[in-house]
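Colleague: My questions concern the predicted model and sequence given below.
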Amino acid sequence: MEVTDVVCPLCGCVCDDVVVEVEDNKVTKVKGACAVGKSKLMGHGRITSPAIRENGILKDCSYDAAIKRTAEILAAARRPLMYGWSSTVCEASKVGIELAEEIGAVIDNTASVCHGPSVLAIQDVGLPSCTLGEVKNRADLVIYWGANPAAAHGNHMKRYSYISKGYFLPEGKKEKKLAVVDVRETKSAKLADVFIRIEPGKDYLVLSALRALLLGYEDVVPEEVGGVPKKDLLELVKMMEETKFGIIFFGMGVTHSRGRHNNIVNAIQVTRAAHKHTKFNIMPMRGHYNVNGFNQVCTWETGFPYSVDLSEGYAWYNPGETSSTDLLMRGECDAALFIATDPGAHFPGESIRHLSKIPVIQIDPYANPTTEFADVVIPAAISGIEAEGTVYRMDNIPLRLRKIVDTEYMTDEAIMKGILKETRLLTLSRRL
Ligand code: SF4
């Protein structure tokens, strides 16, 4: 059976034109996805059963037993952390936030270690942006800054930006220009009309120089800024001034270099300075397919997008204090639930050392380094393949993931509902 309009559940591009062939309830062929998207849709090794660690060894158990044990751990915890949520659907996040309120947890998603600085900058100065559809149909200048889509967002250029053919740009890349700003010549930079190599940690300076040039203050810009000759900056500014519709896509090369959220504030101000000449936009290259969705749901529910502390009965948001790695490095948490994420591979060593001392629950379709120290492991259906749900693309457009094969595994949403129900029974009986 051929299934069309499948939505890829991997990166923030959320490509929704993938075609898969299904035979005997298995995906056998994938068309239209990039290599990493194809690999996910084709499937690979799974956690086969829920399990609880006893005497250092994970022992298989039923879903009921794993959910009950999770509820016991969370209900007994004084400072629980609930982290992940970027590779699951909004419906699961919604139940997760309800559970976090119930137990007074800190709830956080992977934005706190990736585009968190972008979110902070957007809260400061807003975001002059657009949809990826507008980029495809209108953008004749695309700038990737600190981002390498050729490696990390395989279809981004082809579907939405430089290589795509749009309504107003039917000739595709013949009518477009591509500029890449980065600290090294990436695969994406090799395709660019203009590549600007900057010195590491000098994004803020280069952005400031571009702002000055766009606003007409060429006299204050020195002959070299951040390792970039002024003539190269003038060339980029000329391209920006002459475009009809420009877009800056920025990645973690900017959010996590020196200056962090201030870099993004400056990049947004560069976009505003370009408005003196033409239509210009800016957009973060969000990584996981629903990292944005959690930020949306968390904002509806608590007023804040991530790193929300609910321990006092109201929402307290202070990234740097209430973000997961900071809490763990201070040794504050006494239990942690991780869903659709792998802190074992990505958190700093000191955070992991603290995690090895407290009960850890993992909910995920796949085994990963976190499984090695998790005390309860709950396998989940793969959203977008075995379960449907809503996700938000990097341009804030909500899309519906499709279920394309049947499964015996519980969905993230059903698991979270089970944990919420069991935890409520325990917390209620304690109050009585
Ligand atoms: S670009 Fe991203 S969403 Fe699109 S197919 Fe590749 S991994 Fe999937």
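Modeller: Yes, it's here. The structure presented is a predicted model; accordingly, all values stated were derived computationally and were not measured.
Colleague: Let me see the contact set for the closest residue to the ligand within the stretch 51-200 of the chain.
Modeller: At 3.6 Å from the ligand, Asn155 is the closest residue in the stretch 51-200 of the chain, using CB to the nearest ligand atom. All C-beta atoms are positioned from the backbone trio N, CA, C, and that covers glycine. Residues near Asn155 by CB atoms under 8 Å, 6 or more residues apart in numbering: 13, 15, 33-34, 37.
Colleague: Pull up the gap between the residue nearest to Ala147 when sequence neighbours are not counted and the ligand, please.
Modeller: Spatial nearest neighbour of Ala147, chain neighbours left out: Gly251 (2.8 Å); criterion: CB to CB, 6 or more residues apart in numbering. Using CB to the nearest ligand atom, to the nearest Å, one obtains 14 Å as the distance from Gly251 to the ligand.
Colleague: Next: Ile382.
Modeller: 13 Å.
Colleague: Tell me the backbone dihedrals of that residue, please.
Modeller: For Ile382, the backbone dihedrals (degrees, to the nearest 10) come out as phi -80, psi 120.
Colleague: Which positions in the chain make contact with the ligand?
Modeller: Neighbours of the ligand within the chain, by CB under 6 Å from any ligand atom: 8, 10-11, 13-15, 33-34, 36-37, 153-156.
Colleague: Among those residues, which lie within helices?
Modeller: Judged by DSSP state H, helices contain the following of the residues of the chain next to the ligand: 36-37, 156.
Colleague: so which of those residues is the most crowded?
Modeller: His156 (28 neighbours; other CB atoms under 10 Å).
Colleague: Near the nearest residue to Lys230 once chain neighbours are set aside, how many other residues are there?
Modeller: Excluding the flanking residues, the one nearest Lys230 by CB to CB, 6+ apart is Glu223, at 5.1 Å. When neighbours are defined as other CB under 10 Å, Glu223 has 7 of them.
Colleague: next SSE after whatever helix or strand Glu235 lives in?
Modeller: Using DSSP states H and E, Glu235 falls within helix 230-242. Following helix 230-242 in sequence order, the next helix or strand is strand 245-250 (DSSP H and E).
Colleague: Tell me which other helices or strands whichever helix or strand comes after that following strand touches.
Modeller: Following strand 245-250 in sequence order, the next helix or strand is helix 252-255 (DSSP H and E). With contacts taken as 3 or more CB pairs under 8 Å, 6 or more residues apart in numbering; DSSP states H and E, helix 252-255 sits against helix 116-125, helix 261-274.
Colleague: Which residues does helix 252-255 contact?
Modeller: Helix 252-255 is contacted from outside by 114-118, 145-148, 182-183, 203, 261, 263-264, 267, 284-285, 287, using CB under 8 Å, 6+ apart.
Colleague: Give me the pLDDT for the residue of the chain positioned farthest from its centre.
Modeller: Centroid-distance maximum for the chain: Leu432 at 40.9 Å, with CA atoms, centre = their mean. Looking at Leu432, its pLDDT stands at 73.
Colleague: for Leu428, same thing?
Modeller: pLDDT at Leu428 comes out at 86.
Colleague: Kindly provide the distance from it to the ligand.
Modeller: 42 Å.
Colleague: How about Val228?
Modeller: Taking CB to the nearest ligand atom, one finds Val228 at 30 Å from the ligand.
Colleague: same thing with Gly259?
Modeller: 28 Å.
Colleague: Just confirm that residue is within a strand.
Modeller: No - counting by DSSP: H, G, I helix; E, B strand; the rest coil, one finds Gly259 to be coil, located in no strand.
Colleague: Hmm, Ala381 is touching Tyr409, no?
Modeller: Yes - with contacts counted by CB atoms under 8 Å, Ala381 reaches Tyr409, the gap being 4.2 Å.
Colleague: okay, and the common contacts of these two?
Modeller: Pro365.
Colleague: one step back: put together a markdown table for the residues of the chain next to the ligand, with distance to Pro229 on each row.
Modeller: Below are those laid out as a markdown table (distance: CB to CB, whole Å):
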| residue | distance to Pro229 |
| --- | --- |
| Cys8 | 40 |
| Leu10 | 39 |
| Cys11 | 34 |
| Cys13 | 34 |
| Val14 | 39 |
| Cys15 | 38 |
| Ala33 | 40 |
| Cys34 | 35 |
| Val36 | 36 |
| Gly37 | 39 |
| His153 | 30 |
| Gly154 | 33 |
| Asn155 | 34 |
| His156 | 29 |
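Colleague: before we move on, back to that, and the helices and strands packed on helix 252-255, which is most packed in?
Modeller: Stretch with highest mean neighbour count among the helices and strands packed on helix 252-255: helix 261-274 (a mean of 22; mean count of other CB atoms under 10 Å).
Colleague: now the angle from that one to helix 116-125?
Modeller: 50 degrees (axes from the mean of the first three to the mean of the last three CA atoms, to 10 degrees).
Colleague: if we can go back for a sec, neighbours of the residue nearest to Ala147, how many?
Modeller: Neighbour number of Gly251 under other CB under 10 Å is 24.
Colleague: Export the residues of the chain next to the ligand to CSV and append columns for pLDDT.
Modeller: Formatted as CSV, the residues of the chain next to the ligand follow (pLDDT from 0 to 100):
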residue, pLDDT
Cys8, 97
Leu10, 97
Cys11, 97
Cys13, 98
Val14, 98
Cys15, 97
Ala33, 97
Cys34, 96
Val36, 94
Gly37, 96
His153, 97
Gly154, 96
Asn155, 97
His156, 98
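Colleague: right, and Cys8 touches Val19 too?
Modeller: No - using CB under 8 Å, Cys8 is not in contact with Val19, being 11.0 Å away.
Colleague: Tell me which of the two has more neighbours.
Modeller: Just comparing Cys8 and Val19: by other CB under 10 Å the higher neighbour count belongs to Cys8, 27 against 14.
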